[in-house]
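In: next come a sequence and a model predicted from it.
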Amino acid sequence: QVQLVESGGGLVQAGDSLKLSCTASGRTLSGYNVAWFRQTPGKERESLAAINWTGRNTYYADFVKGRFTISRDNAKNTVSLQMNSLKPEDTAVYYCAAGGGFDSHTRLDYPYWGQGTQVTVSS
């Protein structure tokens, strides 16, 4: 079992940057593909980015390409999401997830989830 904890969320202004971190305990993250999702009230949880277990392959949803960067440090058991040029519409609860296939971009494909961290972007 992998326990995931997200951190780094907060309140920022439009145009600012934030870096979210996802840290694992219980088991190493190094053998897992990891993804970041986000969810707003009344909407489906949407996939933002994913990184494969080696860190060599990444995936980004079109609406975050060029603004968000996913990376991992297996030695620190951490996957990060650098978010730049934030917009008010990026306001959501952000979740990391592990254990899905790299080409899987729905929440049902991932068995392990963190509790989420709130990101609020003011205009």
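Out: Arrived safely, thanks for sending.
In: quick check: neighbours of whatever helix or strand residue 48 lives in in the sheet, parallel or antiparallel?
Out: Per DSSP states H and E, residue 48 falls inside strand 46-51. Here strand 46-51 is paired, per DSSP bridges, with strand 34-39 (antiparallel), strand 58-60 (antiparallel).
In: for whichever helix or strand comes after the last one, name the packing helices and strands.
Out: Think strand 58-60. Next in sequence after strand 58-60, counting helices and strands by DSSP H and E, comes strand 68-73. Applying 3 or more CB pairs under 8 Å, 6 or more residues apart in numbering; DSSP states H and E, we find strand 68-73 packed against strand 34-39, strand 46-51, strand 58-60, strand 78-83. C-beta here means a position set from N, CA and C on the backbone, and glycine is covered the same way.
In: deepest of these, which one?
Out: Among these, strand 34-39 has the highest mean neighbour count (mean count of other CB atoms under 10 Å), at a mean of 24.
In: sorry, back to before: now render the helices and strands packed on strand 68-73 as CSV, adding mean pLDDT and distance to residue 96.
Out: CSV is the format used below for the helices and strands packed on strand 68-73 (pLDDT from 0 to 100; distance: least, CB to CB, whole Å):
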stretch, mean pLDDT, distance to residue 96
strand 34-39, 98, 6
strand 46-51, 96, 10
strand 58-60, 96, 14
strand 78-83, 98, 6
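In: am I right that residue 89 is in a helix?
Out: Yes: assessed by DSSP: H, G, I helix; E, B strand; the rest coil, residue 89 belongs to a helix.
In: tell me the phi and psi of residue 103?
Out: phi -90, psi 10 (degrees, to the nearest 10).
In: skipping adjacent residues, who's closest to it in space?
Out: Using CB to CB, 6 or more residues apart in numbering and skipping the chain neighbours, the partner closest in space to residue 103 is residue 59 (7.8 Å).
In: what's opposite that neighbour in the beta bridge?
Out: residue 50.
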